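In: Next comes the sequence, and after it the predicted model I'd like to discuss.
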Amino acid sequence: MENLSCCLLLAMVLLAPCVDATRKCDLQGQWRNELGSNMTLSALDAAGTFSGSYHTAVAATNKQILVSPLQGAQQPPSAKGQPTFGFTVQWQFSDSVTAFVGQCFVDRRGKEILETTWLLREEVLFRRDVWKATR
């Protein structure tokens, strides 16, 4: 009997990743990051594009931070269910645009997590200042 319980426990641990892998990421909905920024994404259309809004909690400006529109695209879903995507945010309170790229993951508890990288480009008056326009 003692051997049976050890085998049963081992089987449950080995099956758990298989169960998690069947859960697919869905970008639609409300998302919040660790800094307090939040965004809302629409459902994907047939072409894999989506829209939404982004409200940043972090900005290098003295202006009032406004909710800003975003447009994006997701790669067609694969069997892995952890899609890559990209979107741009046109900030309504500054002369800048941010491009985000990332991937959606599902952790062992079924929580969806977006891992992203971004580049922000702000307008500069002169070409000689291009080097400082991207963060």
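Out: Cool, the structure landed.

In: Give me the distance between the residue positioned nearest the centre of the chain and Gly29.
Out: Geometric centre of the chain, nearest residue: Leu114, 3.7 Å, by CA atoms, centre = their mean. Between Leu114 and Gly29 the computed distance is 11 Å (CB to CB, to the nearest Å). Any C-beta I mention is one placed from the backbone N, CA and C, and that applies to glycine too.

In: try Thr116
Out: 16 Å.

In: ditto for Ser68
Out: 18 Å.

In: re earlier: give me the pLDDT for the residue nearest to the centre of the chain.
Out: You'll see Leu114 listed with a pLDDT of 94.

In: likewise Cys18?
Out: Reported pLDDT for Cys18: 43.

In: Could you do the one 4 residues further on as well?
Out: Per-residue confidence (pLDDT) for Thr22: 58.

In: can you pull the buried residues of the helix or strand encompassing the residue nearest to the centre of the chain?
Out: Per DSSP states H and E: Leu114 is located in strand 112-122. For strand 112-122, a neighbour-count test (16 or more other CB atoms under 10 Å) marks 112, 114, 120, 122 as buried.

In: cool, and stretch 26-36?
Out: Going by 16+ other CB under 10 Å, stretch 26-36 has these buried residues: 26-27, 31.

In: Stretch 54-67 too?
Out: Using 16+ other CB under 10 Å as the test for burial, stretch 54-67 gives 54, 56, 59, 65.

In: again with stretch 75-91
Out: 81-83, 85, 87-89, 91.

In: Ok, stretch 44-53 next?
Out: Applying 16+ other CB under 10 Å to stretch 44-53 flags 44, 50, 52-53 as buried.

In: quick one: contacts of stretch 48-67?
Out: Stretch 48-67 is contacted from outside by 27-28, 35-44, 68-76, 87, 89, 91-94, using CB atoms under 8 Å, 6 or more residues apart in numbering.

In: let's see 7 Å
Out: The contact list for stretch 48-67, computed with CB atoms under 7 Å, 6 or more residues apart in numbering, reads 27, 35-44, 68-76, 89, 92-94.
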